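1. Dropping a prediction and its sequence here:
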Amino acid sequence: MLRNLAIVVAHPGHELVVHHLMERTQPSYFCLTDGSGCSGQPRIESTSTLLQRAGATPGAIYGRFSDREFYRLLLAQQTKVFADLAGELAQSLIDFDVRCVAGDAMEGFNPAHDICRALIDSAISVVEARSGRVLQNYEFAVYDAPANGASISLQLDDAALERKIAAATAYREMHDEVEAALGRAGRSAYAVESLRPASTQAMLERFETTPPAYEATGEQRVATGRYRDVIRYREHVRPVFGELGIQTTAAERLRMIARGESEANTPGKRDALDLVPR
Ligand SMILES: [Zn+2]
């Protein structure tokens, strides 16, 4: 069904969302951080075990950063690191002859998830420009409930659902989250895996007027002493998007109005901003 698939996620454990898809397609799998979170204990080894059982192969970017390092880079506005990462991801997609990518959706829940989505979109643009091929670009919900509008829905049979729940339960570091999710949504929520076309542009437009939820979460955690700094969209995340060539058409429109230009006389703009897969 999905030929030469790559899965690209921010954190180890996200692959549980698409466990059966991995069994069916045996993708290459890219993961930005080692999942060490605040505890400093990496959980990427549990993902290695899961991938091996599901038949997926780790890619060149696999647990590259600790979560602390990732957030430090964002806070320090080290945008070049992310541009290099997008270039590296693009090269890997070419090396693996990837034709289809599925990964984290931009949800405004966690800045690393949103950066991951921007890296995917940016890398795909590079691959398309270099290869002349159009790649399929799908997202899956990591935090939000899967929304309507899935263009690919995979219904798990009983055996596949059993294997998925066994994999989730065996993922020691995710145990509490898995139990909570099963308690909240029940087993049936695990029985369908949904991919939808990347909705990056719509989220970018939303963030122009409504700050992502991670800002409020960060403020609470700074207030309780758990975090030292708040990661903010405009200050820390949007500059990375800019470096990656991911910008909102809304923001671009406003800038053009300020410059007294009209959209019609901006040649090539659509190509540069058209990140929604066809
Ligand atoms: Zn995550």
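-> Great, that's in hand.
2. which regions of the stretch 1-150 of the chain sit below the pLDDT cut-off?
-> Scanning the stretch 1-150 of the chain with the threshold set as pLDDT under 70 gives 1, 147-148.
3. can you pull the contacts of Val237?
-> Leu74, Pro111, Asp114, Ile115, Pro212, Ile231 (CB atoms under 8 Å, 6 or more residues apart in numbering). Glycine gets a C-beta too; all of them are placed from N, C-alpha and C.
4. Kindly report the same for Leu182.
-> Ile165, Tyr190.
5. dump the residue contacts of His14.
-> Cys31, Asp104, Val142 are the contacts of His14 under CB under 8 Å, 6+ apart.
6. Can I get these in a markdown table including distance to Met22, secondary structure and neighbour count?
-> Converted to a markdown table, those look like this (distance: CB to CB, whole Å; DSSP: H, G, I helix; E, B strand; the rest coil; neighbours: other CB atoms under 10 Å):
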| residue | distance to Met22 | secondary structure | neighbour count |
| --- | --- | --- | --- |
| Cys31 | 13 | strand | 26 |
| Asp104 | 15 | strand | 30 |
| Val142 | 15 | coil | 21 |
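7. closest to Ala181 among those?
-> Among those, Val142 lies closest to Ala181 (CB to CB), at 11.4 Å.
8. Is that closest one in contact with Val18, as I believe?
-> No - using CB atoms under 8 Å, Val142 is not in contact with Val18, being 10.3 Å away.
9. Could I get the full set of strands for the stretch 1-150 of the chain?
-> Using DSSP state E, counting those that start in this stretch, the strands of the stretch 1-150 of the chain run over residues 5-9, 28-33, 57-65, 100-104, 136-140.
10. possible to save those strands as CSV with distance to Arg206?
-> Formatted as CSV, the strands of the stretch 1-150 of the chain follow (distance: least, CB to CB, whole Å):
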stretch, distance to Arg206
strand 5-9, 22
strand 28-33, 23
strand 57-65, 27
strand 100-104, 16
strand 136-140, 15
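11. First-to-last residue distance for stretch 166-184?
-> One end of stretch 166-184 sits 18 Å from the other (CA to CA, to the nearest Å).
12. still on that earlier bit, among the contacts of Val237, which one sits closest to Ala60?
-> Using CB to CB, the shortest approach to Ala60 within those belongs to Ile115, at 17.7 Å.
13. Let me know whether the closest one touches Leu73 as I believe.
-> No - with contacts counted by CB under 8 Å, Ile115 stays clear of Leu73, the gap being 9.5 Å.
14. shared neighbours, these two?
-> Common neighbours of Ile115 and Leu73 (CB under 8 Å, 6+ apart) are Phe82.
15. So if I had to pick from these two, which one is more boxed in?
-> Under the neighbour definition other CB atoms under 10 Å, Ile115 and Leu73 were set side by side, and Ile115 has more, 26 against 19.
16. Tell me how far stretch 199-210 lies from the chain's centre.
-> 15 Å (CA atoms, centre = their mean, to the nearest Å).
17. Let me fix that, I meant to ask about stretch 139-146.
-> The chain centroid and the centroid of stretch 139-146 are separated by 10 Å under CA atoms, centre = their mean.
18. Contacts made by it with the rest, please.
-> In contact with stretch 139-146 (CB under 8 Å, 6+ apart) are residues 9, 14, 17-18, 102-107, 109-110, 113, 117, 147, 185, 189, 192-199.
19. and what of stretch 70-87?
-> Residues contacting stretch 70-87 (CB under 8 Å, 6+ apart): 32-33, 61, 64-65, 111-112, 115, 118-119, 122-123, 126, 229, 231, 235-237, 239-240, 242-244.
20. one more time with 7 Å, if that's ok
-> Contacts with stretch 70-87, where a contact means CB atoms under 7 Å, 6 or more residues apart in numbering, come from 32-33, 61, 111-112, 115, 119, 122-123, 126, 229, 231, 236-237, 239-240, 243-244.
21. Among those residues, which lie within helices?
-> Judged by DSSP state H, the contacts of stretch 70-87 include Pro111, Ala112, Ile115, Leu119, Ser122, Ala123, Val126, Pro239, Val240, Glu243 as members of helices.
22. residues contacting the fifth one?
-> Under the criterion of CB under 7 Å, 6+ apart, the contact list for Ser122 reads Ala86, Leu244, Gly245, Ile246.
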